[in-house]
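> Have a look; sequence and predicted model below, questions after that.
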Amino acid sequence: MRQRQLSARDMLRGDLEGEELERYVEERVVMTNFEKLLGWARSNSIFPLTFGLACCAIEAPISLVTARYDLARFGAEALRASPRQADMIILSGRVSIKMAPVVRRLYDQMLEPKWAISMGACSSSGGMFANYAVVQGADKFMPIDLHIPGCPPRPEAVLYGFTKLQRKIQGNPDQGWRTRYDAHGSEEWARGGPRSEPSAEATDAYQRARELIGA
Amino acid sequence: MPDAPGLELIRGQIEQEHPGAALDSGFEHGRASLSIDPAHVLAVLGWLRDAPGQGYAFLSSLHVADYLPAQPRFAVHYELLNRDRVERIRVKALLEDVSPAGGAVGGPAPEDASATAGSGGSPAATGPAGGALPEIDSCVSLFPTAEFQEREAFDFFGIVFKGHPNLTRILLPDDYVGWPQRRDFPVGGEPVTFTYNERDYG
Amino acid sequence: MAEAAPGLTEDRTTEVMTVNIGPHHPATHGVLRLVADLEGEVVRDLRPVIGYVHTGIEKSCEDKSYWKVIPFVERMDYVSYFFQMEAFCGAVERLIELEIPPRAKYLRTIFLELNRIHSHLVWLGTTALDLGAISMLWYCFRDRDRILDLFEMAAGQRMHTRYFQVGGVIEDIPLGFEAKLREFVRDMPVRVGQYQALLDRNEVFLSRTKGTGVVSRERLLELGVTGPLLRAAGEPWDLRKAFDYLAYPEMDFKIPVGTVGDNYDRYRVRVAEMVESTRIVEQALDGLPEGPFIADDRKYVLPPRSELSTSMESLIHHFKLVTEGYRVGPGEIYYAIESPRGELGCFVLADGSAKPARVHFRDPSFVNLQAFRDMSVDGYVADMIVSLGMLDPILGGVDR
């Protein structure tokens, strides 16, 4: 710390030369490529849409922007009411069949790039309501980037999901865990989406599992 | 709640004023319940509200119960409350299911005291399969609070309230077909996909 | 109300425009859609369109055994979840004629009143936000988080705790709960005083709420409106005092009643109710009796886990209750309690099997919404927003 102060003082005096100058510049300038910078900027300045459907709405967005679980520290303080000005929609609550077209319209009205978080069990998969009136997962009618489980999820869980979305926006969807846990060969969903075929190892594993349970 | 003798007294008085209205009275779990003929619903409710000494002027709740497979199938419940004496009384108007296509278990089309077939003025008086819907007089004129609640009963059970100012679906989408809360309507939903059956459902 | 401003011709002020407000709108407190006929800024007619969060809860309940119904009905009016649990459990207990022990009554009362404070705090925060007093949201939710901490301490979940069961409560309160609750009870009146200092005599708040949204007491009674709306209009009707249930007969509390019935009275009534609820919690905590927290009848109540390894009978009861559930003999009942929004009634029709044949909730917001038209017609659009906030509808309860 003291060293940096001294070299800064030298810099100001015009005393740094050659190698010292190069080291000085390297320490202070952030080198990156434009996509990364853009991803970083986008993820830290998300404008969520003020959209609450049911119980999860009390936990987020309302409880999430309040002082204890502050969303503003992640840069997402500016909640916009109009979908034209927002870039993230948090589906907080059960999506009923009457509301589904409305949500789809809202999502369509948002401008690219946009992200959707499905918060809670009800919007991820219908939740506990397996009946005629609830759409069994918002995936059925709109693309969702992130699902957060819970009924309702704790605000901390939503914040964790939010940080995961930030990593995703920065271009790092799995945050490096495949490398960390050597988990290659199990990414059948990520490769081509839900309808893609599983990898060869995964197919074998599934087959063996099915034989075991006699299905 | 009016106790059991009080209930019998009420029933007797109703019998005097509107003969044939009161079909049954019961007192269970500390609650008084009066079953009436749906044709006299306005008369009985009006009497309970206005007759001196009764004063059940507050309609707490209007809801329908489906007693399938028992007949009569539907009962419109009116939960009345006398705020001065703090007493509740329940009035049940028993309705038959009129449509031949409506799931009434094994019965010939029963003679129905309530439905006046082909009465004009009520929208959507025929069910989705073309069968008729059970009808009863709307009590919005007596209790304006019933407006939304009767719409809900129509929405879920298909019971037509004659004289209701705006009998349309309230909670379900306007183009929904079916009466979901009848007992013979399936709950719906989708089967949960596990690994062993995911290929069946894509 | 609709006087033409000088210079405007007759035509321009008499055109009626139909405007759609919602279902996605920052100030509709949920997914409420309003179709308003506006003449300039004056509301001429208002038609609420609801059903956007209709979840078919009542139908789902017919498919589940009685104890599985409890988490379903909790999620109707999602801010006052303990009240729905109490309405359902109380109805079933009256059907099977099961007495709950006194400790359970007191615990239920404590949690119900805490939930009432919680609901009023959410109401105050969001309504003040609609009116522009944005900082109130942060203060109210700060206190709301304290209440949720208490819920989490007792039940493990912040919201939708599934804490009440038929027969009592599912678990006793842990050590340290009482101390934390006493701290809360001590601080709450001071906090409410701070909120009142912010809003009570605030000129903007007064000019927006005084004299707006007035509906007469008789009209409210005709429309079936109950709760703080009715009390603000001058009718001292509260089900906690009218009917004896739980530990309320032993509590000493007042019912705040307004005079005019405008939006300002509704605000004052609810804030005063918060203070009264704090008093009830304190009294209940002082008088909390020792004893079992759930009834003893093994036909309906799970035996304690410690007994399962020693008693065969307990094991059989446990097995029966968890797999099939308890059967409730044929009968029907309507049981109503006072929720933060009014009369919350639960109708249960039992047919002798382990699943209810019909569960219907008379939700106060659903019925109170009928008064919204009367409150807003012939007033300005801005007053309509204030009235909607003071009406305090929770769309989960309206739509079920």
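Perfect, I can see it now.
> Which helix runs longest in chain C?
The longest helix of chain C (DSSP state H) is helix C:102-131.
> Report all helices and strands that that helix contacts.
helix C:81-96, helix C:135-155, strand C:168-169, helix C:177-199, helix C:203-209, helix C:263-286, helix C:381-391 (3 or more Cβ pairs under 8 Å, 6 or more residues apart in numbering or on different chains; DSSP states H and E). Just so you know, the C-beta spots here come from the backbone N, C-alpha and C atoms, and that holds for glycine as well.
> Out of the ones you listed, which gets nearest to C:A295?
Closest of these to C:A295 is strand C:168-169, at 5.6 Å (criterion: Cβ to Cβ).
> what's the closest one packed up against?
Short answer (3+ Cβ pairs under 8 Å, 6+ apart): strand C:168-169 packs on helix C:102-131.
> tell me the average confidence for the helix it packs on?
If you average the pLDDT over helix C:102-131, you get 91.
> Just want the angle from it to helix C:263-286.
Per axes from the mean of the first three to the mean of the last three Cα atoms, to 10 degrees, the angle that helix C:102-131 makes with helix C:263-286 is 150 degrees.
> Residue 95 - how many residues pack around it?
Assuming you mean chain A. By other Cβ atoms under 10 Å in any protein chain shown, the residues close to A:V95 number 29.
> Sorry, I should have been clearer: chain C.
23.
> Next, the contact list for it, please.
C:L95 is in contact with B:H29, C:V328, C:G329, C:G331, C:E332, C:I333, C:V348, C:A350, counting by Cβ atoms under 8 Å, 6 or more residues apart in numbering or on different chains.
> 6 Å instead?
C:V328, C:G331, C:I333, C:A350 (Cβ atoms under 6 Å, 6 or more residues apart in numbering or on different chains).
> Ok, C:N20 next?
Applying Cβ under 6 Å, 6+ apart, the residues near C:N20 are C:V35.
> For the residue in chain C that chain B sits nearest to, which three-state class applies?
Residue nearest to chain B within chain C (Cβ to the nearest Cβ): C:G224, separated by 2.8 Å. Classification of C:G224 using DSSP: H, G, I helix; E, B strand; the rest coil returns coil.
> A:D204 - how many residues pack around it?
So A:D204, with other Cβ under 10 Å, has 11 neighbours.
> Could you do A:S82 as well?
13.
> One more: B:L34?
By other Cβ under 10 Å, 25 other residues sit near B:L34.
> Could you dump the helices and strands packed on helix C:102-131 into a markdown table with mean pLDDT added?
Below are the helices and strands packed on helix C:102-131 laid out as a markdown table (pLDDT from 0 to 100):
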| stretch | mean pLDDT |
| --- | --- |
| helix C:81-96 | 91 |
| helix C:135-155 | 90 |
| strand C:168-169 | 89 |
| helix C:177-199 | 91 |
| helix C:203-209 | 89 |
| helix C:263-286 | 92 |
| helix C:381-391 | 89 |
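> Among those, which comes closest to A:K168?
helix C:135-155 (28.5 Å).
> Taking helix C:102-131 as reference, get the angle to that closest one.
Using the same axes, to 10 degrees: helix C:135-155 against helix C:102-131 is 160 degrees.
> Tell me how far the nearest residue to B:L172 once chain neighbours are set aside lies from C:G342.
Of all residues not flanking B:L172 in the chain, B:D155 sits nearest, at 5.6 Å (Cβ to Cβ, 6 or more residues apart in numbering or on different chains). Noted for B:D155: a distance of 22 Å to C:G342, by Cβ to Cβ, to the nearest Å.
> Between the two, tell me which one has more neighbours.
C:G342 (27 against 21).
> my guess is the more buried one contacts C:T226, does it?
Yes. Counting by Cβ atoms under 6 Å, C:G342 touches C:T226, with 3.5 Å between them.
> rewinding a little: same list (the helices and strands packed on helix C:102-131) but as a markdown table, adding distance to C:V35.
Output for the helices and strands packed on helix C:102-131, formatted as a markdown table (distance: least, Cβ to Cβ, whole Å):
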| stretch | distance to C:V35 |
| --- | --- |
| helix C:81-96 | 29 |
| helix C:135-155 | 28 |
| strand C:168-169 | 44 |
| helix C:177-199 | 31 |
| helix C:203-209 | 24 |
| helix C:263-286 | 22 |
| helix C:381-391 | 12 |
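> Can you list the helices and strands that the helix or strand harbouring C:R47 packs against?
Taking DSSP states H and E as the criterion, C:R47 maps to strand C:42-49. Applying 3 or more Cβ pairs under 6 Å, 6 or more residues apart in numbering or on different chains; DSSP states H and E, one finds that strand C:42-49 makes contact with strand C:33-39, helix C:370-376.
> most centrally placed residue in chain B?
B:V76 (2.0 Å; Cα atoms, centre = their mean).
> secondary structure class for that residue?
Secondary structure assignment for B:V76 (three-state DSSP): strand.
> sorry, back to before: please work out which of the helices and strands packed on strand C:42-49 is packed deepest.
Comparing those by mean neighbour count (mean count of other Cβ atoms under 10 Å in any protein chain shown), helix C:370-376 ranks first with a mean of 22.
> OK, contacts around the closest residue to the residue of chain C closest to chain B other than its chain neighbours?
Excluding the flanking residues, the one nearest C:G224 by Cβ to Cβ, 6+ apart is B:T145, at 2.8 Å. Neighbouring residues of B:T145 by Cβ under 6 Å, 6+ apart: B:L59, C:L223, C:G224, C:V367.
> A:E22: neighbouring residues, count only.
Neighbours of A:E22 using other Cβ under 10 Å come to 11.
> Please identify which helix or strand holds it.
A:E22 is part of helix A:18-28, with elements assigned from DSSP H and E.
> After that helix, heading C-terminal, what element do we hit next?
Following helix A:18-28 in sequence, per DSSP H and E, is helix A:34-43.
> Let me have that following helix in CSV, keeping just the CA atoms, if that works.
Output of helix A:34-43 as CSV, limited to C-alpha atoms (Å, rounded to 0.1, in the frame of the first residue of the first chain):
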residue,chain,number,x,y,z
PHE,A,34,-15.5,-5.5,-24.8
GLU,A,35,-18.0,-8.3,-24.2
LYS,A,36,-16.8,-8.9,-20.7
LEU,A,37,-17.1,-5.2,-20.0
LEU,A,38,-20.5,-5.1,-21.4
GLY,A,39,-21.6,-8.2,-19.5
TRP,A,40,-20.2,-6.7,-16.3
ALA,A,41,-22.0,-3.4,-16.8
ARG,A,42,-25.3,-5.1,-17.8
SER,A,43,-25.3,-7.4,-14.8
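> so for that helix, what's the average pLDDT?
Mean pLDDT, computed over helix A:34-43, is 79.
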